[in-house]
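Engineer: pasting the structure only:
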Ligand SMILES: O=C(O)CCC(=O)C(=O)O
Ligand SMILES: [Fe+2]
């Protein structure tokens, strides 16, 4: 595995974090938290694992669509209605733990795929715990980094004990199919997002990739993204909750990605923090959750 950092410069394209860059006076965790950087972790998942997982997820997504919409439905109509809008056109399959938590057994991945997703996420977190930056967990999760029993835990341990606070319906797999598959611009509003493409951009699909904006409040359609990344299958991308991004529409083929956005136990979400710092009342904050 190899970790690289890409800097998000205000209003300008993303550049590598050069040795003399002023942002080096911040820790990696602080740069992630401030939405100033993207991490690229290569060789997290082997080619065989990507292939195995992508194949089983594509089959599971077809089964899912068949059950939801029946044989006759055109791709056009196969919008993931359950997600409630045309801004997200994909099938999202949940790990079994996520499906249990969300009480959505019909959206669960097959057992073996679910276990492999968990293994991969745990591998990524173990790497971050031990190799990335010693203060990363504390910076991202805040002071309250202990588990429910008050024991100090690494991110991987919190993951294993199912004590991370995930985004709704995550960890999961997104399966995007041409010609409409995409996820419109958004922020994840969690301490950290991990996205791991399992499909090969040179063979499995055209278009697609993850677009990132360097400014914090861009307007989709008006401001073009600073960068569109289409890493090799098995390379993880990681970023903080303030970074605007989208899953670009694919024009042919199928694109499969693992997604997980999470914060530490009991930590307020980024959007809640933003509202708090804007001085809005508790009622607004609670109703916004
Ligand atoms: O598919 C992508 O590249 C982005 C997915 C994403 O942002 C999400 O699921 O939250
Ligand atoms: Fe996202």
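Structural biologist: In hand now; what should we look at? A quick note: this is a predicted structure, and the numbers were derived from the prediction, not measured. Ligands and ions are numbered 1, 2, ... in the order given.
Engineer: any idea which element the spatially closest residue to residue 171 that is not a sequence neighbour lies in?
Structural biologist: Spatially, and ignoring its direct neighbours in sequence, residue 171 is nearest to residue 260 (3.9 Å; C-beta to C-beta, 6 or more residues apart in numbering). From N, CA and C alone the C-beta is placed, and that goes for glycine too. Taking DSSP states H and E as the criterion, residue 260 maps to strand 250-263.
Engineer: next one: that strand, is it in contact with ligand 1?
Structural biologist: Yes. Against ligand 1, strand 250-263 shows contacts by C-beta under 6 Å from any ligand atom at 257, 259.
Engineer: off-centre distance for that strand?
Structural biologist: When C-alpha coordinates are averaged (C-alpha atoms, centre = their mean, to the nearest Å), strand 250-263 and its chain have centres 8 Å apart.
Engineer: sheet partners, orientation included, of that strand?
Structural biologist: Using DSSP bridges, strand 250-263 pairs in its sheet with strand 165-166 (antiparallel), strand 172-177 (antiparallel), strand 192-197 (antiparallel), strand 205-207 (antiparallel).
Engineer: tell me the buried residues in it?
Structural biologist: By neighbour count with 16 or more other C-beta atoms under 10 Å, strand 250-263 contains the buried residues 250, 253, 254, 255, 256, 257, 258, 259, 260, 261, 262, 263.
Engineer: dump these to a markdown table, plus pLDDT.
Structural biologist: Shown next, in a markdown table, are those (pLDDT from 0 to 100):
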| residue | pLDDT |
| --- | --- |
| 250 | 94 |
| 253 | 96 |
| 254 | 97 |
| 255 | 97 |
| 256 | 98 |
| 257 | 98 |
| 258 | 98 |
| 259 | 98 |
| 260 | 98 |
| 261 | 97 |
| 262 | 96 |
| 263 | 94 |
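Engineer: for residue 138, find the nearest of the strands paired with strand 250-263.
Structural biologist: With C-beta to C-beta, the closest approach to residue 138 among those belongs to strand 192-197: 12.9 Å.
Engineer: what average pLDDT does the closest one get?
Structural biologist: What strand 192-197 shows for mean pLDDT is 98.
Engineer: what are the boundaries of the helices in the stretch 101-250 of the chain?
Structural biologist: Secondary structure of the stretch 101-250 of the chain (DSSP state H, counting those that start in this stretch): helices located at 111-127, 136-141, 155-160.
Engineer: compare those helices and give me the one nearest ligand 1.
Structural biologist: Proximity to ligand 1, assessed across the helices of the stretch 101-250 of the chain by C-beta to the nearest ligand atom, is greatest for helix 111-127 (13.4 Å).
Engineer: packing partners for the biggest helix by length in the chain?
Structural biologist: With secondary structure taken from DSSP state H, the chain has its longest helix at helix 47-69. Counting contacts by 3 or more C-beta pairs under 8 Å, 6 or more residues apart in numbering; DSSP states H and E, helix 47-69 is packed against strand 91-94, helix 111-127, strand 172-177, strand 250-263.
Engineer: and the closest residue to residue 2 other than its chain neighbours, how many residues sit next to it?
Structural biologist: Of all residues not flanking residue 2 in the chain, residue 42 sits nearest, at 4.9 Å (C-beta to C-beta, 6+ apart). Neighbour count for residue 42, taken as other C-beta atoms under 10 Å: 14.
Engineer: identify the residues contacting residue 42.
Structural biologist: By C-beta atoms under 8 Å, 6 or more residues apart in numbering, the contact list for residue 42 reads 1, 2, 4, 231, 232, 234, 235.
Engineer: of these, buried ones?
Structural biologist: 231, 234, 235.
Engineer: for ligand 1, give me its nearest residue in the stretch 151-289 of the chain.
Structural biologist: Counting by C-beta to the nearest ligand atom, the stretch 151-289 of the chain gets nearest to ligand 1 through residue 247 (2.7 Å).
Engineer: contacting residues for that residue?
Structural biologist: Taking C-beta under 8 Å, 6+ apart as the test, what residue 247 contacts is 90, 174, 176, 181, 182, 183, 208, 209, 210, 255, 257.
Engineer: how many neighbouring residues does the third one have?
Structural biologist: Right, the one you point to is residue 176. Count around residue 176 with other C-beta under 10 Å applied: 26.
Engineer: I'd say it and residue 252 touch.
Structural biologist: No. Assessed by C-beta atoms under 8 Å, residue 176 is found out of contact with residue 252, at 11.2 Å.
Engineer: who touches both of the two?
Structural biologist: What both residue 176 and residue 252 touch, as defined by C-beta under 8 Å, 6+ apart, is the set residue 205.
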